[in-house]
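In: One predicted model, sequence on top.
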Amino acid sequence: MGKRMRMLALAATAAAVTGMCAPAALAGVSAGDQDSTYVTSAHQGNLAEIAAGRDAQKNAVTDCVKEVGAKLVADHQKLDTDLKAVAAKADMTLPTAPTAAQQQELKAVQLKAGTAGYDSAWLASQEAAHLKTLALIDTQIRSGSHADVTDAAQKARPIVAMHLDMVRGGTCHIS
């Protein structure tokens, strides 16, 4: 381990032991910090929403759910493009797939493909996912230290809130 890394590790340990926050010079160093957690989780959420939206376009029964699915694909592709630019600028590495839980959730919904049960399961899944995403965004806005990451969260919030309104209560609403 290099001298700089030993110094950073020592400073982080000292801050943790004394209950103090790490100094500003260490912000962004830890892979577990709020900013990298947000970027990773938001990216995986975008990937999951793109996959779910595409799936709804293929397997939903109602036109409304198909339209909401198309809207999710378009919006989350744009959000993810912007997020990947922020991650690259901040030298953050992103995962290549949604989480295992997100993948399992989509598989569970897909078991009802082509039925009315699919549409209601898809809407409920999307409501839960967008509620979690809004909580993630709000935490970043409150607690983030990287200006570009927090700015990306602020820009994403109204879009994610709109998506939530489109699926709220397990009922499809298209505006």
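Out: Thanks, I have it.
In: What is the three-state secondary structure of the most centrally placed residue in the chain?
Out: Per CA atoms, centre = their mean, the C-alpha nearest to the average position across the chain is that of Ala42, at 2.2 Å. Following DSSP: H, G, I helix; E, B strand; the rest coil, the label given to Ala42 is helix.
In: domain assignment for the protein?
Out: 1-30, 33-170 (automatic domain parsing).
In: Can you redo the ones you listed as JSON lines, where the extra columns are mean pLDDT?
Out: Supplementary listing: those in JSON lines, determined by pLDDT from 0 to 100:
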{"stretch": "domain 1-30", "mean pLDDT": "37"}
{"stretch": "domain 33-170", "mean pLDDT": "96"}
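In: and the residue nearest to the centre of the chain, what does it touch?
Out: Contacts of Ala42 were listed using CB atoms under 8 Å, 6 or more residues apart in numbering, and they are Leu79, Leu83, Thr133, Leu136, Ile137, Ala152, Ala153, Ala156. For every residue, glycine as well, the C-beta is placed using N, CA and C.
In: run the last query once more with 6 Å
Out: Applying CB atoms under 6 Å, 6 or more residues apart in numbering, we find Ala42 in contact with Leu83.
In: ok, and for stretch 144-152, which residues are buried?
Out: Within stretch 144-152, the residues that count as buried by 16 or more other CB atoms under 10 Å are Gly144, His146, Val149, Thr150, Ala152.
In: What residues sit buried inside whichever strand or helix holds Lys132?
Out: Lys132 belongs to helix 116-143 when elements are defined using DSSP states H and E. For helix 116-143, burial by neighbour count (16+ other CB under 10 Å) applies to 118-123, 125-127, 129-130, 133-134, 136-137, 140.
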